[in-house]
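# give the three-dimensional model of this entry:
(chains A and B)
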Amino acid sequence: GESVGLHLPTLSVQEGDNSIINCAYSNSASDYFIWYKQESGKGPQFIIDIRSNMDKRQGQRVTVLLNKTVKHLSLQIAATQPGDSAVYFCAYPSGSRLTFGEGTQLTVNP
Amino acid sequence: KAGVTQTPRYLIKTRGQQVTLSCSPISGHRSVSWYQQTPGQGLQFLFEYFSETQRNKGNFPGRFSGRQFSNSRSEMNVSTLELGDSALYLCASSLVGSPQNIQYFGAGTRLSVL
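Numbering: from 1, shown residues only, chains lettered A, B, ... in the order given. Down below sits the predicted model:
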């Protein structure tokens, strides 16, 4: 079946370090991927997206890398801050339906 | 521009009751999707509405239903509540619901079934 899975359920980093959150997917037909951030008590918030014709896309302090050969997606956060502490989800759409990975809890230690 | 608004934020019900949750999308957005979030199952798609029509449906029992009004506001209803229905219910809106339209989420309604 189709799945979007995350390698690590938790990640703990020091403030100022770079963070890398990984995501594996099995649906090779997926042509669009999204990263969401969910803080405690809030809904998922869009961070960045990438289309399958790209290998890399950069935003403000975030970079998403896509390796279609091994069906792997990663989110890199530069100079991680306490406000980055949250659960991060990768997701892909099938029509209007989003399929989410299980999420990675990122904890930033001061 | 106001974001997606969900009401109520918290709800406590008992088994067998029914519940109605409300979602107001971002102004101009015509597609509204609903998701259930639980610790065990993660985020799962319930259904999507566009122009007052259910266009896509997830794998949930018929006790879960929804509707959309002409102003794009949406409601979802759960009848004959079960303990396992305790979850965070999230609503998301997008422009027209195409795959590459970003879905923006509300803060959710936390439903507890006792």
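# which element is the nearest residue to A:P44 once chain neighbours are set aside on?
Nearest non-adjacent residue to A:P44, counting by C-beta to C-beta, 6 or more residues apart in numbering or on different chains: A:Y36, 3.8 Å away. All C-beta spots, glycine's among them, are computed from the backbone N, C-alpha and C. In the assignment (DSSP states H and E), A:Y36 maps to strand A:32-38.
# now for B:G58: which residues touch it?
A:97, B:44-47 (C-beta atoms under 8 Å, 6 or more residues apart in numbering or on different chains).
# now, the most widely separated pair of the residues you listed?
Greatest spatial distance among those (C-beta to C-beta): B:Q44 and B:F47, at 11.0 Å.
# quick check: neighbours shared by the two?
What both B:Q44 and B:F47 touch, as defined by C-beta under 8 Å, 6+ apart, is the set B:58, B:60.
# of those two, give the one with the bigger neighbour count.
B:F47 (23 against 18; other C-beta atoms under 10 Å in any protein chain shown).
# distance of the more buried one from B:Q37?
In this view, B:F47 and B:Q37 are 15 Å apart by C-beta to C-beta, to the nearest Å.
# ditto for A:A29
Counting by C-beta to C-beta, the gap from A:A29 to B:Q37 is 25 Å.
# these two: who's more crowded?
B:Q37 (19 against 8).
# for the closest residue to chain B within chain A, give me its contacts.
Nearest residue of chain A to chain B (C-beta to the nearest C-beta) works out as A:G43 at 3.4 Å. The contact partners of A:G43, by C-beta under 8 Å, 6+ apart, come to B:4, B:90, B:92, B:105-108.
# where does chain B come near chain A, residue by residue?
B:4, B:31, B:33, B:35, B:42-43, B:45, B:48, B:50, B:55-56, B:58, B:90, B:92, B:94, B:97-100, B:102-108 (C-beta under 8 Å from any C-beta of the partner chain).
# could you rerun that using 6 Å?
By the rule C-beta under 6 Å from any C-beta of the partner chain, the part of chain B lying against chain A is B:42-43, B:45, B:48, B:56, B:90, B:97, B:99-100, B:102, B:105-108.
# turn those into JSON lines, including neighbour count and secondary structure.
Listed next are the residues of chain B next to chain A as JSON lines, based on neighbours: other C-beta atoms under 10 Å in any protein chain shown; DSSP: H, G, I helix; E, B strand; the rest coil:
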{"residue": "B:G42", "neighbour count": "17", "secondary structure": "strand"}
{"residue": "B:L43", "neighbour count": "22", "secondary structure": "strand"}
{"residue": "B:F45", "neighbour count": "21", "secondary structure": "strand"}
{"residue": "B:E48", "neighbour count": "27", "secondary structure": "strand"}
{"residue": "B:N56", "neighbour count": "17", "secondary structure": "strand"}
{"residue": "B:L90", "neighbour count": "26", "secondary structure": "strand"}
{"residue": "B:G97", "neighbour count": "24", "secondary structure": "coil"}
{"residue": "B:P99", "neighbour count": "15", "secondary structure": "coil"}
{"residue": "B:Q100", "neighbour count": "11", "secondary structure": "coil"}
{"residue": "B:I102", "neighbour count": "13", "secondary structure": "coil"}
{"residue": "B:F105", "neighbour count": "23", "secondary structure": "strand"}
{"residue": "B:G106", "neighbour count": "25", "secondary structure": "coil"}
{"residue": "B:A107", "neighbour count": "16", "secondary structure": "coil"}
{"residue": "B:G108", "neighbour count": "25", "secondary structure": "coil"}
